[in-house]
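A.B. asks: this one's sequence-less:
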């Protein structure tokens, strides 16, 4: 079934390794969770590669750091045009996949990349970024983070300006890492689909990074999605060492059960997590997750949606103007 679906992963942190460690993901490399050969083995057709901006770069260097990571993502496609292409629209994703390549989409993680200037939203979008994660582990000038300090009591006025600008230029608002108040403040403004690119569900395990059923429903009301992360500490906070592909599917099924199959997706967070679930060595083992879904009776259109169709729908609904 895997090869019959267009498979999209909504979040990997591999660009950090590309830029800082000089890893060429065009070659098989066990220093990373994901490279082009193993993406192909795993049946992956498209992936959002995240330009994560460490808070240490801000203020003063956050925008430059984000831009450098975005350039590193584009560089992969430029060095390996026969196997990968850089995409910003759903149509481009489909075209690259149809040609046998892997579509590389870009995201920026941590609103500190904006250096406090909403005009930088358009600049990042021009560099190919399709979504921005407003916060990271730390609260920042845009809003409070899950587990971070309560600085603004939710989304700041600057954060509201940023959300408006993101919707204007066609950049998806990502609420992974957002504190609950920040989360709902942003949703109250949303006129287009919103995502949680990489998280798990609170009902399956209590963790500040997991989302409640109310949050899942609220994202679904925008037409958005929840990308399930492969982080063992999110999958099973009580016993992360036992988390496996079954736990990943448990969380996918929770999202689907609460809000419908149109709102569950993959957001593995590979190369951004210190440990992997049992039975998962890297992106090449994505078929293990698919097999577990099929074992539980998933198939046809529902499986296609969760594996990639939902991400494609959101990308298309938020494609940049023009």
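C.D. replies: Perfect, I can see it now. Quick caveat: nothing in here was measured; it's all calculated off a predicted structure.
A.B. asks: Span of stretch 260-267 from start to end?
C.D. replies: For stretch 260-267, the separation between the terminal residues is 17 Å (C-alpha to C-alpha, to the nearest Å).
A.B. asks: Which residues belonging to that stretch are considered buried?
C.D. replies: 261-267 (16 or more other C-beta atoms under 10 Å). Every C-beta, even on glycine, is put in place using the N, C-alpha and C of the backbone.
A.B. asks: tell me the mean pLDDT over that stretch?
C.D. replies: Here stretch 260-267 scores 98 as its mean pLDDT.
A.B. asks: centre of the chain versus that stretch, how much separation?
C.D. replies: Relative to its chain's centre, stretch 260-267 lies at 12 Å (C-alpha atoms, centre = their mean, to the nearest Å).
A.B. asks: distance between stretch 248-265 and the chain's centre?
C.D. replies: The answer for stretch 248-265 is 16 Å, by C-alpha atoms, centre = their mean.
A.B. asks: how about low-confidence regions in the stretch 1-150 of the chain?
C.D. replies: Scanning the stretch 1-150 of the chain for pLDDT under 70 picks out the ranges 1-3.
A.B. asks: now the strands: where do they sit in it?
C.D. replies: 8-12, 46-52, 84-86, 102-109, 129-133 (DSSP state E, counting those that start in this stretch).
A.B. asks: Quick one: closest of the ones you listed to residue 295.
C.D. replies: Residue 295 lies closest to strand 8-12 among the strands of the stretch 1-150 of the chain, at 20.8 Å (C-beta to C-beta).
A.B. asks: relative to strand 46-52, how tilted is the longest helix belonging to the chain?
C.D. replies: Ranked by residue count and defined by DSSP state H, the top helix of the chain is helix 62-79. Inter-element angle recorded for helix 62-79 and strand 46-52: 150 degrees (by axes from the mean of the first three to the mean of the last three C-alpha atoms, to 10 degrees).
A.B. asks: could you say what helices and strands helix 62-79 packs with?
C.D. replies: Judged by 3 or more C-beta pairs under 8 Å, 6 or more residues apart in numbering; DSSP states H and E, helix 62-79 is in contact with helix 15-21, strand 46-52, strand 84-86, strand 102-109, helix 119-126.
A.B. asks: which regions of the stretch 201-322 of the chain sit below the pLDDT cut-off?
C.D. replies: Within the stretch 201-322 of the chain, the segments meeting pLDDT under 70 span 321-322.
A.B. asks: which residues in it form helices?
C.D. replies: 213-221, 232-235, 245-259, 286-295, 300-304, 310-317 (DSSP state H, counting those that start in this stretch).
A.B. asks: Export those as CSV, with columns for mean neighbour count and distance to residue 127.
C.D. replies: Formatted as CSV, those follow (neighbours: other C-beta atoms under 10 Å; distance: least, C-beta to C-beta, whole Å):
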stretch, mean neighbour count, distance to residue 127
helix 213-221, 19, 26
helix 232-235, 24, 29
helix 245-259, 22, 31
helix 286-295, 19, 28
helix 300-304, 15, 31
helix 310-317, 22, 17
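A.B. asks: Among the ones you listed, which comes closest to residue 104?
C.D. replies: helix 310-317 (13.1 Å).
A.B. asks: Contact partners for the residue nearest to residue 33 when sequence neighbours are not counted?
C.D. replies: Leaving aside its sequence neighbours, residue 33 sits nearest to residue 270 (C-beta to C-beta, 6 or more residues apart in numbering; 3.8 Å). Counting by C-beta atoms under 8 Å, 6 or more residues apart in numbering, residue 270 touches 9, 12-14, 33-34, 230, 276, 282-283.
A.B. asks: In PyMOL, how would I select the buried members of these?
C.D. replies: In PyMOL, this line selects whichever of those come out buried by 16+ other C-beta under 10 Å:
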select buried, resi 9+12+13+14+33+34+230+276+282+283
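A.B. asks: Count residues in the vicinity of residue 54, would you?
C.D. replies: Counted by other C-beta atoms under 10 Å, the residues lying close to residue 54 total 15.
A.B. asks: same deal with residue 68?
C.D. replies: Around residue 68 there are 16 residues (other C-beta under 10 Å).
A.B. asks: Quick check: the gap between residue 206 and residue 308.
C.D. replies: Distance, residue 206 to residue 308, by C-beta to C-beta, to the nearest Å: 29 Å.
A.B. asks: What distance do you get for residue 132 to residue 106?
C.D. replies: The value you get for residue 132 to residue 106, if C-beta to C-beta is used, is 10 Å.
A.B. asks: try residue 222
C.D. replies: Taking C-beta to C-beta, one finds residue 222 at 22 Å from residue 106.
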